[in-house]
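[1] have a look at this prediction, sequence included:
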Amino acid sequence: MSHRRKSIVAGNWKMNLDAAKARSLTEAVAARAGEAGSVDLVLCPPALYATTVAAALGLAAGNSASGVALGGQNAHEKESGAFTGEVAPGMLRDIGSRYCILGHSERRTLFGETDATVNAKVKAVLAAGLTPIVCVGESLEERESGRTEAVVSAQVLGSLAGIPADDLAKIVVAYEPVWAIGTGKVATPQQAQDVHALVRSLLARLSSPTVADKIRIQYGGSVKPDNAAELAACPDIDGALVGGASLKADDFLAIAKAFG
Ligand code: PGA
């Protein structure tokens, strides 16, 4: 199915791999990126291996012949300073990153990030010239108690409060139902499409229908080669944020191809 928006498929490697594996996975994806067709590909390695991946992509030399982009998994909201253990958005940019995942459910549930934290990070990442990939999604308990719409609405409106329409037009949103992340339980295409349509209507409320129509909304949560095509066929699903399956070049490329 062809979308009016170019799809974007990002691999969230989380806290996995070592330097050698990060390099070989990057090389495998870069060498075969053409197989994916017309889709933006992004690799989001652990921060410590970002320079390894940048070098393997040729970003350190100021070019990216493969067309594969680099992204962070998180960033601090300040430009620099006494924040032991943190990574500044400008540092990600400095080594050639173009994207940064923000507000992933693991950051929200395990590291206490709130919509206000995510909002500050979105502003900082935009100011550094990076494209934020802003994650939202309900837990199983929230879905089962009929609160999906309320929870996702609060996350979208809170995480993106006060962002001018010009900047909103540049962001990527990832809808990741928490119950689907790492569980093998993918949302049905209808469940995903319903929330994606809701997210787009909220983005229209924050900007305008014209701007919202341009914003790419990824689905994330147990995306695999065998379920990617049915998700890609949904009108408001413009790509995927892939965890587990992004650690294997074959699987990641097969998913990208379904969106390409
Ligand atoms: P998963 O993770 O593909 O392993 O479910 C997705 C994510 O957390 O971004």
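    Noted; the coordinates are in hand.
[2] what's next to stretch 244-256, contact-wise?
    9-13, 16-17, 25, 28-29, 32-33, 35-37, 39, 41, 43, 182, 222-225, 228, 240, 242 (C-beta atoms under 8 Å, 6 or more residues apart in numbering). From N, CA and C alone the C-beta is placed, and that goes for glycine too.
[3] buried ones in it?
    By neighbour count on 16 or more other C-beta atoms under 10 Å, the buried set for stretch 244-256 is 244, 245, 246, 247, 249, 251, 252, 253, 254, 255, 256.
[4] just the ones of those residues in helices?
    249, 251, 252, 253, 254, 255, 256 (DSSP state H).
[5] next, the distance between the ends of stretch 54-70.
    Length of stretch 54-70, first residue to last, C-alpha to C-alpha, to the nearest Å: 7 Å.
[6] and it, what's buried?
    For stretch 54-70, by 16+ other C-beta under 10 Å, it's 54, 56, 57, 59, 64, 66, 68, 69, 70.
[7] about what we covered before: could you dump the ones in helices among the buried residues of stretch 244-256 into CSV with distance to residue 143 and pLDDT added?
    Below are these laid out as CSV (distance: C-beta to C-beta, whole Å; pLDDT from 0 to 100):
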residue, distance to residue 143, pLDDT
249, 33, 98
251, 26, 98
252, 27, 98
253, 31, 98
254, 28, 98
255, 24, 98
256, 28, 98
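[8] how about the residues of the stretch 51-200 of the chain near the ligand?
    Residues of the stretch 51-200 of the chain lying close to the ligand (C-beta under 6 Å from any ligand atom) are 176, 181, 182.
[9] mind running it again at 5 Å?
    181, 182 (C-beta under 5 Å from any ligand atom).
[10] related to what we said a few turns ago, identify the farthest-apart pair in the buried residues of stretch 54-70.
    Using C-beta to C-beta, the buried residues of stretch 54-70 reach their maximum pairwise distance at 56 and 69, which is 12.8 Å.
[11] ok, back up a step: need the buried residues of stretch 54-70 in JSON lines with pLDDT, can you?
    Formatted as JSON lines, those follow (pLDDT from 0 to 100):
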{"residue": "54", "pLDDT": "96"}
{"residue": "56", "pLDDT": "95"}
{"residue": "57", "pLDDT": "95"}
{"residue": "59", "pLDDT": "87"}
{"residue": "64", "pLDDT": "70"}
{"residue": "66", "pLDDT": "81"}
{"residue": "68", "pLDDT": "96"}
{"residue": "69", "pLDDT": "96"}
{"residue": "70", "pLDDT": "97"}
